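K.L.:
what follows is a predicted structure for the sequence shown.
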Amino acid sequence: MRKLPSGRYQAGYLAPDGSVIYAERTFPTKAMADRWLVLTEAELMSGTWTAPERRRDTVGEWAERWWRRDHLRRSTAVRDNGYLRRYILPELGALPLGEIDRETVQAWADKLGERLAPATVKQALLLFGQLVDGAVEDGLLRSRPWRRIVLPHQERAEMRFLDPPEIERLAAAIDTRYKALVIVGAYGGLRIGELAGLRCKSITATGEVTATETATEAEGVVTIGPPKTRAGIRNVVLPAGATEVLAGHLAALVDQGPEAWVFPAPDGGVLRAASWRSRFWRPAVRLAALEPFRPHDLGHTAVALWITAGIGVLEVSRLAGHTSTSFTLDRYGHLFPQSERQSAAKLDRYLADLADLPVARILHDVGTEDVAQGGT
């Protein structure tokens with residue numbers, strides 16, 4: 001420890017190779033320098049210490065190495081690379097990893113929040129967090145400075161649902177080849193990628209649809225693969241009316257081979273969701289006077305219909321391919337009927353059914369006796 005002419009303090013320690021290494025920054029007080037030394041010595045003793053030269057890599061240099069690691073799917077890689085190049089590297093790329101602290105990250109998030117939607121800022125921060133976690137795991141950083149960052153307030157967009165007459169109106173407005181897609185999406189809860197990846201072999205004559213594949217498009221390339229989570233692989237039984245529509249669609253418009261696409265592209269092959277939305281979906285939504293309404297909202301519509309029909313949260317979660325019932329309740333809990341009153345009413349009916357049983361009479365007699373004796 002030494003005091004500099006400026007009045008600040010510089011802390012030094014003995015490295016494993018016997019050399020003396022001084023902190024890369026000075027401290028305004030001796031107490032702060034001592035605290036830094038204690039933390040550094042703890043790292044030396046625990047084996048988590050990293051040489052300062054390893055921490056001098058910039059965020060950009062580390063990002064280039066980190067980016068070469070495997071990604072789960074092509075669409076995720078394309079999305080994340082866009083966030084990295086547009087939002088992270090321009091502001092933080094030239095900074096050494098060792099200089100990234102919570103204040104720096106908060107200032108960056110605040111600056112993004114001035115021009116971007118809260119959801120975009122959140123996604124950029126999540127990606128930066130993954131990058132930083134990798135640096136911590138590789139020993140380039142001691143801590144995770146992206147924790148406890150205050151994000152811009154994000155108002156959850158009101159979910160859009162259609163009622164059955166509106167579903168029929170949309171199905172009537174869209175190209176004949178995709179009427180059944182609207183019906184299956186609205187009553188079966190399949191996402192647009194799942195509808196595009198649906199094959200004839202996944203549909204039974206009784207209206208059971210098995211979702212095992214999804215089509216995702218990134219940089220003009222369509223990839224067919226499993227859903228993002230295991231919960232996405234599920235069986236959905238369509239109501240009778242939707243089953244009839246789907247059966248008519250298959251009979252009239254689709255090659256019946258087991259590997260054939262149920263909803264192929266206009267010229268054959270797998271459906272490309274982006275071009276399909278602009279060519280078929282948006283004009284139909286406009287014609288049906290249902291704007292704004294996204295293909296994704298067909299799934300919201302299915303969930304709303306299931307809840308209205310009295311299907312419980314566990315089954316709704318399974319049908320929708322959600323990873324947990326807590327997610328279902330978080331997104332759709334306000335749609336479930338007044339469950340507290342329903343539960344109380346069910347309990348009342350249950351107790352009424354027990355009125356003639358001995359235990360009910362005993363409880364009644366005990367309660368009457370307590371009142372007679374002045375009990376509570």
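P.N.:
Yep, that arrived.
K.L.:
and the strands in the stretch 201-350 of the chain, which stretches?
P.N.:
208-211, 214-218, 221-225, 234-237 (DSSP state E, counting those that start in this stretch).
K.L.:
buried ones in the last one?
P.N.:
Of the residues in strand 234-237, those with enough neighbours to count as buried (16 or more other C-beta atoms under 10 Å) are 234, 236. Where you see a C-beta, it was placed from the backbone N, CA and C, and this is true even at glycine.
K.L.:
tell me the strands beside it, with direction?
P.N.:
strand 208-211 (antiparallel) (DSSP bridges).
K.L.:
what about the partner strand, distance to the chain center?
P.N.:
Distance of strand 208-211 from the chain centroid (C-alpha atoms, centre = their mean, to the nearest Å) equals 23 Å.
K.L.:
and if you look at stretch 199-206?
P.N.:
Taking mean C-alpha positions (C-alpha atoms, centre = their mean), stretch 199-206 and its chain are 29 Å apart.
K.L.:
quick one: end-to-end distance for that stretch.
P.N.:
16 Å (C-alpha to C-alpha, to the nearest Å).
K.L.:
cool, and stretch 200-215?
P.N.:
15 Å.
K.L.:
out of the strands of the stretch 201-350 of the chain, flag the one nearest residue 125.
P.N.:
Between residue 125 and the strands of the stretch 201-350 of the chain, the tightest spacing by C-beta to C-beta is seen for strand 214-218, at 22.1 Å.
K.L.:
list the buried residues in the closest one.
P.N.:
Result for strand 214-218 [16+ other C-beta under 10 Å]: buried residues 214, 215, 216, 217.
K.L.:
contact partners for the second one?
P.N.:
When contacts are counted by C-beta atoms under 8 Å, 6 or more residues apart in numbering, residue 215 is found next to 193, 196, 197, 222, 223, 224, 270, 271, 273.
K.L.:
okay, it and residue 163: tell me how far apart.
P.N.:
According to C-beta to C-beta, to the nearest Å, residue 215 stands 29 Å off from residue 163.
K.L.:
same deal with the last one?
P.N.:
Remark: distance between residue 217 and residue 163 (C-beta to C-beta) = 31 Å.
K.L.:
now the host helix or strand of residue 165 - C-alpha only, PDB.
P.N.:
Assessed by DSSP states H and E, residue 165 sits inside helix 164-173. The C-alpha trace of helix 164-173 is given here as PDB (Å, rounded to 0.1, in the frame of the first residue of the first chain):
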ATOM      1  CA  PRO A 164     -66.300 -17.100 -33.000                       C
ATOM      2  CA  PRO A 165     -68.100 -14.800 -35.400                       C
ATOM      3  CA  GLU A 166     -64.900 -12.800 -35.900                       C
ATOM      4  CA  ILE A 167     -63.000 -16.000 -36.500                       C
ATOM      5  CA  GLU A 168     -65.400 -16.900 -39.200                       C
ATOM      6  CA  ARG A 169     -65.200 -13.400 -40.700                       C
ATOM      7  CA  LEU A 170     -61.400 -13.600 -40.900                       C
ATOM      8  CA  ALA A 171     -61.500 -17.200 -42.400                       C
ATOM      9  CA  ALA A 172     -64.000 -15.900 -45.000                       C
ATOM     10  CA  ALA A 173     -61.700 -13.000 -45.900                       C
END
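K.L.:
next secondary structure after it?
P.N.:
By DSSP H and E, the next helix or strand past helix 164-173 is helix 179-188.
K.L.:
that following helix packs against which elements?
P.N.:
The contact analysis (3 or more C-beta pairs under 8 Å, 6 or more residues apart in numbering; DSSP states H and E) places helix 179-188 against helix 164-173, helix 192-196, helix 240-253, helix 296-308.
K.L.:
let me see the mean pLDDT of the shortest one.
P.N.:
Averaged across helix 192-196, the pLDDT comes to 88.
K.L.:
pull out the buried residues from that helix.
P.N.:
192, 193, 194, 195, 196.
K.L.:
just give me how far that helix sits from the chain centre.
P.N.:
17 Å.
K.L.:
extract the CA atoms of it and return them as PDB.
P.N.:
Taking Å, rounded to 0.1, in the frame of the first residue of the first chain, the C-alpha atoms of helix 192-196 are listed here in PDB:
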ATOM      1  CA  ILE A 192     -47.700 -19.700 -37.000                       C
ATOM      2  CA  GLY A 193     -44.300 -21.500 -37.100                       C
ATOM      3  CA  GLU A 194     -46.100 -24.700 -35.900                       C
ATOM      4  CA  LEU A 195     -48.800 -24.300 -38.500                       C
ATOM      5  CA  ALA A 196     -46.200 -23.800 -41.200                       C
END
